[in-house]
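# sharing a model that was predicted from the sequence below.
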Amino acid sequence: MAKYYTNLNKNPWKFLPKTFLIKNGLSDPTFLNFITETQNCTFSKSSADNIWIIKPGEHSNRGKGIRVWETLDQIKHYIKYNPRKSYIIQKYLSEPLLYNNRKFDIRCFGLFISINGIKKGYFYNGGYLRTSSEEFDLSDIHNRDIHLTNDAIQSNGENYGKYENWNKLSFSDFEKYLKK
């Protein structure tokens, strides 16, 4: 993806989040690289450029362990006191594409098989968007109903299903929205 945007003479990091895979806690060389690359960040509440999302690198589902942080101390504390095999630290996109002022993610399905060494991939033409229950707002980064579109998180929210059934939107409805 980075090469794609570079070939278009665009800065890939405007569209793709910087991502770091941490495998060995605070002493991991990649974590030390993360600190070096972000040392110019002030990690202050006033800057949308200093928000990071931390995800478990394995054995996670239903939104467990996903957090949004804005200070280096919070990130270090989380990694130190939440022992896991790995973490993904990802720059939080502060200007995401929104649907009716709410975040969404895209779900699509594929099947890959290998029979006698022959590999094939199949993709389902349909899919859907999972939407958040609350309007996007960077001033409240700890409200999971704003920032995480995971079903297990959203289904507990006060506004779950208020805008779309089960916070789901079809590709065709999204296409209509984009055309508007």
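Perfect, thanks for sending it.
# the helices in the chain, which residues?
Using DSSP state H, the helices of the chain run over 2-7, 29-37, 72-81, 144-147, 151-154, 171-179.
# quick one: buried residues of the longest one?
Neighbour-count burial for helix 72-81 flags 72, 75, 79 (criterion: 16 or more other C-beta atoms under 10 Å). Glycine gets a C-beta too; all of them are placed from N, C-alpha and C.
# excluding covalently adjacent residues, which one is nearest to the second one?
Computed as C-beta to C-beta, 6 or more residues apart in numbering, the closest residue to residue 75 that is not its neighbour in sequence is residue 69, at 5.1 Å.
# partners of that neighbour in the sheet?
Assessed by DSSP bridges, residue 69 has beta-bridge partners residue 52.
# check contacts around it.
The contact partners of residue 69, by C-beta atoms under 8 Å, 6 or more residues apart in numbering, come to 51, 52, 53, 54, 75, 78, 141.
# so who does the fourth one touch?
Spelled out, it's residue 54. Residue 54 makes contacts with 65, 66, 67, 68, 69, 75, 78, 79, 87, 88, 89, 90, as judged by C-beta under 8 Å, 6+ apart.
# ok, which stretches of the chain are strands?
Using DSSP state E, the strands of the chain run over residues 19-22, 52-56, 67-69, 87-91, 104-115, 118-131, 168-170.
# ramachandran angles for the residue nearest to residue 105 when sequence neighbours are not counted?
Nearest residue to residue 105, sequence neighbours excluded (C-beta to C-beta, 6+ apart): residue 149, at 4.7 Å. Backbone dihedrals for residue 149, given as degrees, to the nearest 10, come out at phi -100, psi 10.
# distance of residue 149 from residue 175?
Relative to residue 175, residue 149 is positioned 19 Å away (C-beta to C-beta, to the nearest Å).
# and these two? which has more neighbours close in?
Between residue 149 and residue 175, counting by other C-beta atoms under 10 Å, residue 149 is the more crowded of the two (22 against 9).
# surely the residue nearest to residue 105 touches residue 106?
No: judged on C-beta atoms under 8 Å, residue 149 makes no contact with residue 106 at a distance of 9.7 Å.
# shared neighbours, the two?
With C-beta under 8 Å, 6+ apart, residue 149 and residue 106 have no common neighbours.
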